[in-house]
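Enquirer: From the sequence below, what's the structure:
(one chain, ligands or ions: 1)
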Amino acid sequence: MPDQLRLLLGEDVIAQRVAELGQKIARDYRSSSQVLFVGVLNGAFIFLADIVRQLDFPHAIDFLRVASYGASTETTGAVQIRKDLEISASDRHLVIIEDIVDTGLTLSFLLGHLAGSRPRSIEVCTLLDKPSRRQVDLVPKYVGFTIPNEFVVGYGMDYNEKYRHLAGIHVCVPDPTEGIRVP
Ligand code: 5GP
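Expert: Next up is the predicted model:
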């Protein structure tokens, strides 16, 4: 049985919201120096590319990659850094760019990790938020869309490395015969 996809957010709706978010971030950080955008790989690569093209001030961009352990659609909280920043976060204003905050366990781990480098500030910008699933007290400053508890793909987000290329965001009901890999 193939995976079943249902469109949740179309390309135009995403583009308009991302432009609004980017412009808000630009207003908030235009007068700050040493701003570093931290993309969380792989899911946030398209979102970050679209956000930074809204910005009209000098900034740096770097990426990190984390791995969570568990064989389901849920993270277990056991998070490990697979690729760390190559630009020092010390004394910079950090804006973490995430695809989706679900339980919040990944982001909570990342905030602790990045705080160790003594940045000047840290804020979170997530395209999607599933607050109903939160296990830690974490409220991202910039949120694109609040969505219900469903597994989504597209616009950078995958199911078993499929569907990252889709321009819209779709609810995915996976083929029950295929195992789900947590990014
Ligand atoms: P959390 O630690 O907040 O539970 O999980 C965050 C990470 O889990 C996200 O960055 C994303 O990689 C993955 N994730 C959570 N929900 C979804 C979803 O609906 N679709 C996809 N593709 N990944 C998700």
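Enquirer: where does this structure come near the ligand, residue by residue?
Expert: Residues of the chain found near the ligand (Cβ under 6 Å from any ligand atom) are 43, 75, 98-107, 151-153, 157-158, 183. Where C-beta positions appear, they are placed from N, C-alpha and C, glycine not excepted.
Enquirer: tell me which element the most centrally placed residue in the chain falls in.
Expert: The centroid of the chain falls nearest to residue 98 when counting by Cα atoms, centre = their mean (1.5 Å). Here residue 98, judged by DSSP states H and E, is contained in strand 93-101.
Enquirer: just checking, the residue nearest to the centre of the chain touches residue 125?
Expert: Yes: using Cβ atoms under 8 Å, residue 98 is in contact with residue 125, at 7.1 Å.
Enquirer: where do the contact lists of these two overlap?
Expert: residue 140 (Cβ atoms under 8 Å, 6 or more residues apart in numbering).
Enquirer: Can you name the element that comes right after the longest helix along the chain?
Expert: Determined from DSSP state H, the single longest helix within the chain is helix 11-29. Using DSSP H and E, the next helix or strand after helix 11-29 towards the C-terminus is strand 35-41.
Enquirer: So what touches the following helix or strand past that next one?
Expert: Per DSSP H and E, the first helix or strand lying C-terminal to strand 35-41 is helix 45-52. Applying Cβ under 8 Å, 6+ apart, the contact partners of helix 45-52 are 15, 18, 21-22, 25, 37, 39, 59, 61, 63, 97, 99, 125, 127, 144, 155-156, 164.
Enquirer: Swap in 10 Å and give it another go.
Expert: For helix 45-52, contacts defined as Cβ atoms under 10 Å, 6 or more residues apart in numbering pick out 14-15, 18-19, 21-22, 25-26, 37-41, 44, 59, 61, 63, 95, 97-100, 125-128, 142, 144, 154-157, 164-167.
Enquirer: Emit the ChimeraX select command for whichever of the residues you listed are buried.
Expert: Remark: buried members of the contacts of helix 45-52, expressed as a ChimeraX selection using 16 or more other Cβ atoms under 10 Å:
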select :14,18,21,22,25,37,38,39,40,41,44,59,61,63,95,97,98,99,100,125,126,127,128,142,144,154,155,156,157,164,166
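Enquirer: Low-confidence regions, this protein specifically.
Expert: 69-77, 178-183 (pLDDT under 70).
Enquirer: any idea how far residue 2 is from residue 87?
Expert: Noted for residue 87: a distance of 42 Å to residue 2, by Cβ to Cβ, to the nearest Å.
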